[in-house]
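[1] I'll drop the sequence and a predicted model, then ask my questions.
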Amino acid sequence: MTLAPGGTIGIVGGGQLGRMLAQSASQLGYRVHVYAPDADPPAAGPSNLYVCAAYENSDALAAFAAQCDVVTFEFENVPAGPLEAMGEKLHPSTRSLAIAQDRANEKQFVEDQGGRCARWQTIDTVDDLESAAEAIGLPLVLKSRRLGYDGKGQAWVREPDQLVEAWDAIGREPAIAEAAVAFDAEFSVLVARGRDGDMKVWNCPRNIHDGGILRRSEVPAGSPVDAQTEEAVTLSCRLAEAMGHVGVMAVEFFATEEGPLVNEIAPRVHNSGHWTIEGAITSQFEQHIRCLAGLPLGDSSLAAPRVTMNNLIGNEIESWPELLAEPGAHLHVYGKREARPGRKMGHVTRLG
């Protein structure tokens with residue numbers, strides 16, 4: 001089924017990803033309805049209708065879905081249960097959510113599909129953590145199985161006497177222990193899969209993080225990422241196919257001496273793909289809308305020989321006047337009211 005212009009696309013989640021999805025949907029002639037629990041979120045600005053209600057409110061979600069032709073989500077930390085009632089309206093499906101919401105499920109899924117991850121074990125008790133430290137070795141990173149992003153829900157263990165401290169730091173939640181990875185670079189594969197199974201991928205960006213938060217993405221990625229791209233892209237497409245995923249998804253990788261290791265999967269548009277708005281023929285946001293609406297997928301090739309995207313974190317957004325005056329800089333301001341430390345307030349993309 002192809003959704004004609006004038007149809008309504010629902011977005012669950014009100015952040016900047018929802019905002020940029022709404023902007024792309026509007027450009028293609030669709031109405032946009034946004035559902036989120038926050039007052040005046042970034043995605044409400046470019047939407048036609050905004051519903052403020054809790055993600056756990058099944059009745060409100062059902063009423064919201066009834067007003068939409070298709071529904072998607074802009075981040076994965078939403079309860080999958082209430083979304084299941086949306087049935088075939090929801091893209092991607094709750095299967096993608098169920099895999100990506102739990103780090104243990106995610107890593108097992110990757111390995112079942114022939115991918116490689118850092119050595120890991122599930123953690124439910126301090127005894128499990130002590131056992132993992134012996135089996136995996138130190139240093140290791142403890143990650144909560146659910147609700148972790150931008151470095152949240154993570155704690156490093158470098159010495160044996162830090163085990164309990166790390167366990168306390170993540171709230172003693174179910175977790176995984178993961179071996180430290182000696183990597184040469186971080187990169188991601190962005191893949192879009194349409195309703196008919198057609199897939200497109202973009203050039204892989206090299207990603208630079210600070211404190212668990214993405215600071216910059218660069219395309220082309222250069223060495224050693226370029227040599228590992230083919231293997232990473234092949235695996236990412238296999239993962240999307242096995243999920244039955246419809247829409248854009250990102251697979252984050254470490255480039256290591258042994259080849260690409262999967263870090264995590266994001267079953268949605270992704271921060272490391274923001275460069276595609278100006279830097280690719282078809283952006284990740286437009287491509288996601290094309291997937292939802294059953295439209296032909298767009299050209300994902302580069303629109304410039306080199307593209308760099310920098311996130312604007314916290315008070316860095318105050319540099320917006322200088323960025324607007326900079327030739328060749330493309331500024332995106334997310335419309336968040338408060339610039340807090342570690343909060344993504346916008347980004348700037350430079351071509352060439």
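    That came in fine, so what should we check first?

[2] mind showing which ranges of the stretch 1-150 of the chain have poor pLDDT?
    Counting by pLDDT under 70, the low-confidence segments of the stretch 1-150 of the chain come to 148-150.

[3] show me what contacts the closest residue in space to residue 281 that isn't next to it in sequence?
    Nearest residue to residue 281 in three dimensions, chain neighbours excluded: residue 299, at 4.0 Å (C-beta to C-beta, 6 or more residues apart in numbering). To be clear about C-beta, it is placed using only N, CA and C from the backbone, and glycine gets the same treatment. Residues near residue 299 by C-beta atoms under 8 Å, 6 or more residues apart in numbering: 200, 280-282.

[4] neighbour-wise, which one of those residues leads?
    Counting neighbours by other C-beta atoms under 10 Å, residue 280 comes out on top of those with 25 neighbours.

[5] bridge partners for that one, pull those for me.
    residue 302 (DSSP bridges).

[6] identify the residues contacting it.
    The neighbours of residue 280, taking C-beta under 8 Å, 6+ apart as the test, are 202-203, 299-303.

[7] one step back: okay if I get the contacts of residue 299 as CSV plus pLDDT?
    Output for the contacts of residue 299, formatted as CSV (pLDDT from 0 to 100):
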residue, pLDDT
200, 98
280, 98
281, 98
282, 98
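
[8] so can I have TSV of those showing distance to residue 107?
    Listed next are the contacts of residue 299 as TSV, based on distance: C-beta to C-beta, whole Å:
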residue	distance to residue 107
200	26
280	30
281	34
282	31
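
[9] ok, those residues vs residue 51, which is closest?
    residue 282 (29.1 Å; C-beta to C-beta).

[10] hmm, that closest one is touching residue 298, no?
    Yes: the pair residue 282 and residue 298 qualifies as a contact (C-beta atoms under 8 Å) at a distance of 3.0 Å.

[11] who touches both of these two?
    Common contact partners of residue 282 and residue 298 (C-beta under 8 Å, 6+ apart): 200, 290.

[12] where does residue 127 land in three-state SS?
    Here residue 127 takes the helix state, with states given by DSSP: H, G, I helix; E, B strand; the rest coil.

[13] filter the contacts of residue 280 to the buried ones?
    Neighbour counting by 16 or more other C-beta atoms under 10 Å classes 202-203, 300, 302 among those as buried.
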